[in-house]
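**Q** no sequence on this one, just coordinates:
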């Protein structure tokens, strides 16, 4: 039986970034976490769900855009996995025209690369909701704080951590939600959640005039209010969440799905895409 979704319950998401940043592995992990596939595909093993072309399997990288579907939190998510190498940048840019959100993968060990910049700037020009995901957080040479500082320096202070890693490299064991209550900062977080919280709140209130006034007057703002304002700002392209994942260990993947499906469409997106079933 086919399920019909209201436009407000559909998310169209492009996965973009430089080659070898982990986009297709992330797509495979998302599909598996949502139960859309019975097993998690592997780019290295040639079993990826989305890199199904023989040439892609042989080369172990994406050449053309591929579409995947999943359901999460009563939302329908359409994923477009796009190529990352410069020779195929045209295909990646074309994927942005079909979506209202883009997840940009930044390799934890490699950091920001050429195509990441171009795709981020094009997504910003189009007014898309943007999510930055630092991948491969279990790699030996990951430095989370360096990656975070580089992202904010290159793409602006509107890019803020929505979760922070517990450990990094071989010790990476999960993520901490920045907006939840923290009695004490975990010792093994490379960025203390309390520091990330201050960074995030300052950017959230900047997107809402009423919240800005209340914040400057020293009024306490409830977490639920902050989350709603953040989700609206993400949909409008005013706030860019930064999250951490390790697809090999399936860490941070469900948190990304939660955020993608919670953030709604902006009025411009509803007008742009119309009603779908």
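**A** Looks like it arrived, so ask away. Here the structure is a predicted model, which is why all the values come from computation and not from measurement. Residues are numbered from 1 along each chain as shown.
**Q** Below-threshold pLDDT in the stretch 1-150 of the chain: ranges please.
**A** 1-2, 51-61, 63 (pLDDT under 70).
**Q** hmm, try it at 90
**A** Low-confidence segments of the stretch 1-150 of the chain (pLDDT under 90): 1-8, 20, 41-65, 84-91, 114.
**Q** all strands of it, in order?
**A** Assigned by DSSP state E, counting those that start in this stretch, the stretch 1-150 of the chain shows strands spanning 10-17, 66-72, 75-81, 101-107, 129-135.
**Q** Pipe the ones you listed into CSV and attach mean neighbour count per row.
**A** Every C-beta, even on glycine, is put in place using the N, C-alpha and C of the backbone. Shown next, in CSV, are the strands of the stretch 1-150 of the chain (neighbours: other C-beta atoms under 10 Å):
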stretch, mean neighbour count
strand 10-17, 25
strand 66-72, 17
strand 75-81, 22
strand 101-107, 25
strand 129-135, 26
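**Q** Out of those, which is closest to residue 114?
**A** strand 10-17 (10.6 Å; C-beta to C-beta).
**Q** Contacts for that closest one, please.
**A** 23-24, 26-27, 75-82, 84, 92, 95-96, 98-107, 113, 115-116, 119, 123, 260-261, 263, 273, 276 (C-beta atoms under 8 Å, 6 or more residues apart in numbering).
**Q** hmm, 6 Å instead?
**A** 23, 27, 75-82, 84, 92, 95-96, 99-105, 116, 119, 260, 276 (C-beta atoms under 6 Å, 6 or more residues apart in numbering).
**Q** just to revisit the earlier point, would you mind putting the strands of the stretch 1-150 of the chain into TSV with distance to residue 155 alongside?
**A** Converted to TSV, the strands of the stretch 1-150 of the chain look like this (distance: least, C-beta to C-beta, whole Å):
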stretch	distance to residue 155
strand 10-17	13
strand 66-72	26
strand 75-81	21
strand 101-107	9
strand 129-135	8
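**Q** The ones you listed: which one's closest to residue 205?
**A** Taking C-beta to C-beta, strand 129-135 is the member of those nearest to residue 205, at 19.1 Å.
**Q** Who does that closest one pair with, and is each partner parallel or antiparallel?
**A** strand 101-107 (parallel), strand 240-244 (parallel) (DSSP bridges).
**Q** just the angle between the first one and strand 10-17, please?
**A** To tie it back to what came earlier, the one meant is strand 101-107. Put simply, strand 101-107 runs at 30 degrees to strand 10-17, going by axes from the mean of the first three to the mean of the last three C-alpha atoms, to 10 degrees.
**Q** Can you verify my assumption that residue 174 contacts residue 251?
**A** Yes. If you go by C-beta atoms under 6 Å, residue 174 and residue 251 touch, sitting 5.5 Å apart.
**Q** Comparing those two, which residue is more hemmed in?
**A** residue 251 (20 against 16; other C-beta atoms under 10 Å).
**Q** Bridge partners for that one, pull those for me.
**A** Beta-bridge partners, per DSSP bridges, of residue 251: residue 246.
**Q** any idea how far it lies from residue 138?
**A** Going from residue 251 to residue 138 by C-beta to C-beta, to the nearest Å gives 8 Å.
**Q** any idea of the pLDDT on the nearest residue to residue 252 once chain neighbours are set aside?
**A** Among residues not flanking residue 252 along the chain, residue 245 sits closest, at 3.7 Å (C-beta to C-beta, 6 or more residues apart in numbering). We have a pLDDT of 98 for residue 245.
**Q** how distant is stretch 190-201 from the center of its chain?
**A** 18 Å (C-alpha atoms, centre = their mean, to the nearest Å).
**Q** how much space between the closest residue in space to residue 12 that isn't next to it in sequence and residue 223?
**A** Leaving aside its sequence neighbours, residue 12 sits nearest to residue 99 (C-beta to C-beta, 6+ apart; 4.1 Å). Computed with C-beta to C-beta, the distance linking residue 99 and residue 223 is 29 Å.
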